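Novice: got a predicted model here, sequence first, then my questions.
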Amino acid sequence: MKESILKALHEKGYSTPTPIQQKAIPVVLQQKDLLGVAQTGTGKTAAFAIPIIQLLSEQQAQQKKRVIRNLIITPTRELAIQIEENINAYAKHTQLRHAVIFGGVKQHSQVIQLDKGVDILVATPGRLLDLMDQGIISLDHIEIFVLDEADRMLDMGFINDIKRIIKVLPRERQSLFFSATMPNNIVELSRKILDQPVKIEVSPESTTAETVQQYMYFTNKADKKNLILHLMKDREIDQALVFVRTKHGADRLVRDLKKKNVSAVAIHGDKAQNQRQKALSNFKDGKLNVLVATDIAARGIDIDQLNYVINYDIPNVPETYVHRIGRVGRAGETGTALSICEPEENVYVRDIEKLIGQKIEQVSNNPFPQTEKPMNKDEKKEWEKEKQRRKQEFFKNRNKSRR
């Protein structure tokens, strides 16, 4: 490894690589395609960014003109920004230039940076295709292509965008493909991108980090607000990332928390990018007790030493639970995930437990226990139909919003 990169890693405080970094870095340096299966928080970004910086630095002297040689595609603005920040830290003592582009903001400042020439580009699919269509970006010289968070990319309806991007990439390239889960559609996509890849799996698919303690509180819908306030006080929680299902639910919960003098801010798709970044920055700096987030907005949030994640709403897609609680217990650290379940969400809990292969510990010392009548067999059947309808509507609305 180049001395300049080692110096940057030392300044970053890195000493011991995580399992995925131990396995992935040698493969990338050998310029082989890689299929990485690893849950969030395992150190994936460093696993691909560090060896890419090494490879591009070695070949930099041969470049007559500065062109985009590494493209990293990721599903959300927050995750794109986070990856670029890490690259900035790892490459600070090299001559490499890097940039990040994403939608939701004016393109002018991004275009100015691109015009100066960059070696590494981190991008979300929509803004990348937009600038390609305008003739501002060319992918003709890509040597290394990275598709990060592939499962979430497909969940968010980016499959056609990804196919368009892949179609214009050079055939001779190195490709790295990372996903927390490997359902059939992800396997199929990986086959179109990768050539004889080395597969690296640092934990079983769709499992939760062993370092995360998980607890379930069964309560009534009307008592959720009281229960979360009780948890904040009883467990002496200074900071928590709280997940909700909808944007309106996020705003409503923030209003309720503020009435009880709990400093809270919501981030979701209706918030402007600068609002989301300010909220995230204030949360990281300890100026906020609670950050309330929808799943799309929270993807890519990386907060050092975050101890608590609270599922205010139980997700109706089991894999989402894995992604949510992966915000704590990152890179070997410990953390706690608390989930608040109302009666209509009981079926979701069973789906989650089936996926992760374990029972989530139910807290009996609960001042607001679930007392509402459980569903009978016919009601459960109707609820399953409603669950599927909501799921389809959820993805349909997300696809509409990104257009």
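Specialist: Structure received.
Novice: the helix or strand residue 191 falls within packs against which elements?
Specialist: Residue 191 belongs to helix 184-193 when assigned by DSSP states H and E. Using 3 or more Cβ pairs under 8 Å, 6 or more residues apart in numbering; DSSP states H and E, the elements in contact with helix 184-193 are helix 150-155, helix 159-168, strand 174-179. In this view, the C-beta of every residue, glycine as well, is placed from N, C-alpha and C.
Novice: residues contacting the longest one, please?
Specialist: Counting by Cβ atoms under 8 Å, 6 or more residues apart in numbering, helix 159-168 makes contact with 71, 73, 125-126, 128-129, 132, 139, 147, 153, 185, 189, 192-193, all of which sit outside it.
Novice: export the helix holding residue 191 as CSV, just CAs?
Specialist: What follows is helix 184-193, C-alpha atoms only, in CSV (Å, rounded to 0.1, in the frame of the first residue of the first chain):
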residue,chain,number,x,y,z
ASN,A,184,-33.0,-13.7,-7.1
ASN,A,185,-33.3,-10.3,-8.8
ILE,A,186,-30.0,-9.2,-7.3
VAL,A,187,-28.3,-12.4,-8.4
GLU,A,188,-29.6,-11.9,-11.9
LEU,A,189,-28.3,-8.3,-12.0
SER,A,190,-24.9,-9.3,-10.7
ARG,A,191,-24.5,-11.8,-13.5
LYS,A,192,-25.0,-9.0,-16.1
ILE,A,193,-22.4,-6.8,-14.4
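Novice: and it with strand 174-179, angle?
Specialist: 170 degrees (axes from the mean of the first three to the mean of the last three Cα atoms, to 10 degrees).
Novice: right, and the helix or strand after helix 184-193?
Specialist: Per DSSP H and E, the first helix or strand lying C-terminal to helix 184-193 is strand 198-201.
Novice: ok, the helix or strand just after that next one: who's next to it in the sheet?
Specialist: Following strand 198-201 in sequence order, the next helix or strand is strand 212-218 (DSSP H and E). Here strand 212-218 is paired, per DSSP bridges, with strand 335-341 (parallel), strand 361-362 (parallel).
Novice: out of these, deepest packed?
Specialist: Highest mean neighbour count among these (mean count of other Cβ atoms under 10 Å): strand 335-341, with a mean of 23.
Novice: shaky segments in the stretch 251-400 of the chain?
Specialist: Within the stretch 251-400 of the chain, the segments meeting pLDDT under 70 span 296-302, 304, 329-333, 373-377, 379-380, 383, 387, 390-391, 393-400.
Novice: ok, of the contacts of helix 159-168, which one's closest to residue 118?
Specialist: residue 71 (10.3 Å; Cβ to Cβ).
Novice: element containing the closest one?
Specialist: Per DSSP H and E, residue 71 falls inside strand 70-73.
Novice: packing partners of that strand?
Specialist: helix 44-59, strand 120-123, helix 125-133, strand 144-147, helix 159-168.
Novice: now stretch 186-201: average pLDDT?
Specialist: The pLDDT scores in stretch 186-201 average 92.
Novice: contacts for it, please.
Specialist: Taking Cβ under 8 Å, 6+ apart as the rule, stretch 186-201 contacts 20, 23-24, 27, 32-38, 145, 147, 150-151, 154, 159, 162-163, 166, 175, 177, 179.
Novice: switch the cut-off to 6 Å
Specialist: 23-24, 27, 32-37, 150-151, 175, 177, 179 (Cβ atoms under 6 Å, 6 or more residues apart in numbering).
Novice: nearest to residue 263 among those?
Specialist: Relative to residue 263, the closest of the contacts of stretch 186-201 is residue 151; by Cβ to Cβ it sits at 33.2 Å.
Novice: if we can go back for a sec, buried stuff in the helix holding residue 191?
Specialist: Residues 186, 189-190, 193 are the ones in helix 184-193 that count as buried (16 or more other Cβ atoms under 10 Å).
Novice: same thing with stretch 142-162?
Specialist: 142-158, 161-162.
Novice: do stretch 173-180 as well
Specialist: Buried residues in stretch 173-180, defined by neighbour count with 16+ other Cβ under 10 Å: 173-180.
Novice: using PDB, list the CA coordinates for it.
Specialist: Coordinates of each C-alpha in stretch 173-180 appear next as PDB, following Å, rounded to 0.1, in the frame of the first residue of the first chain:
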ATOM      1  CA  ARG A 173     -13.400  -2.900 -16.800                       C
ATOM      2  CA  GLN A 174     -13.200  -4.200 -13.300                       C
ATOM      3  CA  SER A 175     -16.600  -4.300 -11.500                       C
ATOM      4  CA  LEU A 176     -17.400  -4.500  -7.800                       C
ATOM      5  CA  PHE A 177     -20.900  -5.300  -6.700                       C
ATOM      6  CA  PHE A 178     -22.100  -4.900  -3.000                       C
ATOM      7  CA  SER A 179     -25.400  -5.900  -1.500                       C
ATOM      8  CA  ALA A 180     -26.700  -6.600   2.000                       C
END
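Novice: how far is that stretch from where the chain is centred?
Specialist: 16 Å (Cα atoms, centre = their mean, to the nearest Å).
Novice: again, but for stretch 25-43
Specialist: Here stretch 25-43 is found 17 Å from its chain centre; the criterion is Cα atoms, centre = their mean.
Novice: neighbouring contacts of that stretch?
Specialist: Contacts of stretch 25-43 from elsewhere in the structure, counted by Cβ under 6 Å, 6+ apart, are 18, 20-21, 24, 44, 51, 174-178, 180, 182, 190, 194-195, 197-203, 323, 326, 330-331.
Novice: out of these, which end up buried?
Specialist: Buried among the contacts of stretch 25-43 (16+ other Cβ under 10 Å): 18, 20-21, 24, 44, 51, 174-178, 180, 182, 190, 194, 197-198, 200, 202-203, 323, 326, 330-331.
Novice: re the thing from before, for the buried residues of helix 184-193, which one is nearest residue 220?
Specialist: Nearest to residue 220 among these: residue 186, at 37.4 Å, using Cβ to Cβ.
Novice: any idea how far residue 148 is from residue 72?
Specialist: Using Cβ to Cβ, to the nearest Å, one gets 6 Å for the distance from residue 148 to residue 72.
Novice: that older thread, in a markdown table: the strands paired with strand 212-218, plus distance to residue 107.
Specialist: Shown next, in a markdown table, are the strands paired with strand 212-218 (distance: least, Cβ to Cβ, whole Å):
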| stretch | distance to residue 107 |
| --- | --- |
| strand 335-341 | 37 |
| strand 361-362 | 48 |
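Novice: with that, I have no additional questions.
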